[in-house]
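A.B. asks: Sequence plus predicted model, see below.
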Amino acid sequence: MKGMVNNQMKKCQVYEGYVERVDFPNKGIVKCDEEYAVVKNTIPGQKVSFMVNKKRKGKAEGRLLDILEKADCEIESPCPHFMECGGCNYQNLPYDVQLELKKQQVRKILTPAIQKQMILNNVEMEQDKYIDSLYEGIKASPVQFDYRNKMEFSFGDEYKDGPLALGMHKRGSFYDIVSVRECRLIDEDYRKILSCVLDFFAKKNTTYYHRIRHEGYLRHLLVRKAQKTGEILIALVTSTQETYNLQPLVEQLTGLQLKGKITGILHTKNDSVADVVQSDETVLLYGQDFFYEELLGLKFKISQFSFFQTNTLGAEVLYETAREYLGDITKNGKSNSTVFDLYSGTGTIAQMLAPVAGKVIGVEIIEEAVEAAKENAKLNGLTNCEFIAGDVLKVIDEIQEKPDFIILDPPRDGIHPKALQKIINYGVEKIVYISCKPTSLARDLEDLLDGGYRIERITACDQFPGTVHVETVVLLSKGVVDKDNYRKVKVDFSLEDMDLTELRGKATYAQVKEYILNEFGLKVSSLYIAQVKKKCGIETGENHNLPKSEGARQPQVTPEKEEAIMKAFRHFGIIEGE
């Protein structure tokens, strides 16, 4: 971070300062005299007190203690759980201020890639004007509250040995749960369902699954509601350590006065020690195990684990932007072009483009999503869509067809460098890249520029009002590569302005260890990290799983350290979770 040289700040000391800016995704830059520190959960203009909990290589990071003065633009959050719940960060900002903050964050992150393009193209225009010619700002979500169509609530207690709670993790806590009966990310139907389930089990003194002892019954409550059709799917996730008659709960839920309609209630059994929502067995308690949602005139069948954008109305803005960027994909007015939709999920974009394409091929690593995409294509009467289950890196070598256009919508970590090079080698005229993490996008744009592509248009899309997250859409067109300078272009910008950890496609073992040490004061070994990876079904290096000598006893990760490693995995986007 430019100018952030801290020679006086000391670890465990308390300081005060003003927040000068907030960098993506949630890093307040606080000035204290002539020094700076990164303090999360702040907004520009606040005066805050913080304790330094990390000091390394001239950089300080602090934990927020108190807000001493509010920012001039700050408002009262409409949610009573704000600041206590860890779900939102910007609900105390007017929506236009939230949009401007995210707009500038994306611009800053992508500036080095645009600078590089200026050098490659010998652009003589003033830099800010050139950036403005490419960057079209940010598009707002059509709705700012009650917009989520999926929530995973956790059972627990609000404090040690306290009453049963159901909701979101308390900010900065592994274990404490905030019962979000008035959460504003979800509509009134969600709030009624949450309260009904919580009150039902609280009266019975039902145990919750303890994340350290791995004992107890209640784990999660998954609720999904279609914004267009109003259909609702509910899944109660428990262990099998206890047995309850759940029909009285079903009767209470179906008796609620809701705006939407409950189409299914499921009992999902999960005995995994990992704190993730998954199914060992699912029992249908009521109705059906799916519901329907509509998006841009298409119909989608969605189950409890199907991937679907969490803001339906916002997703329409996002996908319409992608479709606009791609432009006319017909050949001389004929629909005979081939489009690759890579990282296709449930095939939303592929089906959106199918009516004007000759063929659309989607590739997605999650088999359930691929099956859902095939079913949804049939549901929408589309016969020119093909969906393939597998890793993009491997699958594209097996596809016989060659694409005319490519859509990229990768997960948070972006695209594997080897897969990206194969994508570049197709040499298609246009690529549209949809990113849910601008730092990963910035890294991939560098490789695309080296491969001869040029940035034509950029737009940020706010899918998640009140939170730090933002989507970005980029149109790239095929340019000309100077082979003598291929991969040799250097751009002068301050590395201090970039979070290099965010720019790595995956977190290294060293990064995971450092994060856990700084956040929780725990030291974990590579062996422990590998053990937790294995529990999560993540491939790991063989050397981390073997004892040092034959017949040696291998130590096992403790519950406390396992929870810390899981938290780090979520922080780095290695696994999903609220």
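C.D. replies: Happy to help now that I have it.
A.B. asks: By mean pLDDT, flag the weakest helix or strand of this protein.
C.D. replies: helix 500-503 (a mean of 35; mean pLDDT, DSSP states H and E).
A.B. asks: What is the burial count for the closest residue to Ser306 other than its chain neighbours?
C.D. replies: Spatial nearest neighbour of Ser306, excluding adjacent residues (CB to CB, 6 or more residues apart in numbering): Ala372 at 5.2 Å. For every residue, glycine as well, the C-beta is placed using N, CA and C. Residues within reach of Ala372, counting by other CB atoms under 10 Å, total 25.
A.B. asks: And for Lys203?
C.D. replies: 9.
A.B. asks: For Glu231, give me its contacts.
C.D. replies: Lys225, Gly260, Lys261, Thr263, Phe291, Tyr292, Glu293 (CB atoms under 8 Å, 6 or more residues apart in numbering).
A.B. asks: Apply 7 Å and report the result again.
C.D. replies: Gly260, Lys261, Thr263, Phe291, Tyr292 (CB atoms under 7 Å, 6 or more residues apart in numbering).
A.B. asks: Pick the one among those residues closest to Val276.
C.D. replies: For those, the closest approach to Val276 (CB to CB) belongs to Phe291, at 22.3 Å.
A.B. asks: Is it correct that Phe155 is in contact with Leu218?
C.D. replies: Yes: applying CB atoms under 7 Å, one finds Phe155 in contact with Leu218, separated by 3.9 Å.
A.B. asks: Which one's more surrounded, those two?
C.D. replies: Phe155 (26 against 23).
A.B. asks: partner residues bridging that one?
C.D. replies: Beta-bridge partners of Phe155, counted by DSSP bridges, are Leu166.
A.B. asks: pLDDT value on it, please?
C.D. replies: With respect to pLDDT, Phe155 scores 96.
A.B. asks: Okay, strands next: where are they in the stretch 301-450 of the chain?
C.D. replies: Taking DSSP state E, counting those that start in this stretch as the criterion, the stretch 301-450 of the chain carries its strands at 338-342, 359-364, 385-389, 405-408, 430-435.
A.B. asks: Now the ones you listed in a markdown table, please, with extra columns for mean neighbour count, mean pLDDT and distance to Glu76.
C.D. replies: Conversion of the strands of the stretch 301-450 of the chain to a markdown table gives the following (neighbours: other CB atoms under 10 Å; pLDDT from 0 to 100; distance: least, CB to CB, whole Å):
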| stretch | mean neighbour count | mean pLDDT | distance to Glu76 |
| --- | --- | --- | --- |
| strand 338-342 | 25 | 96 | 43 |
| strand 359-364 | 26 | 96 | 42 |
| strand 385-389 | 20 | 96 | 47 |
| strand 405-408 | 24 | 97 | 40 |
| strand 430-435 | 24 | 97 | 33 |
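A.B. asks: would you list these in TSV and tack on distance to Asp161?
C.D. replies: Converted to TSV, these look like this (distance: least, CB to CB, whole Å):
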stretch	distance to Asp161
strand 338-342	49
strand 359-364	44
strand 385-389	46
strand 405-408	49
strand 430-435	43
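A.B. asks: hang on, Val237 in a strand?
C.D. replies: Yes: looking at Val237 with DSSP: H, G, I helix; E, B strand; the rest coil, it is inside a strand.
A.B. asks: Would you mind confirming that it is in contact with Thr268?
C.D. replies: Yes: using CB under 7 Å, Val237 is in contact with Thr268, at 4.6 Å.
A.B. asks: From the neighbour counts alone, determine which of the two ranks first.
C.D. replies: Taking neighbours as other CB under 10 Å, Val237 and Thr268 compare with Val237 leading, 25 against 20.
A.B. asks: tell me the SS of the nearest residue to that one once chain neighbours are set aside?
C.D. replies: Closest residue to Val237 apart from its sequence neighbours, by CB to CB, 6+ apart: His220 at 4.0 Å. Secondary structure, three-state DSSP: His220 is strand.
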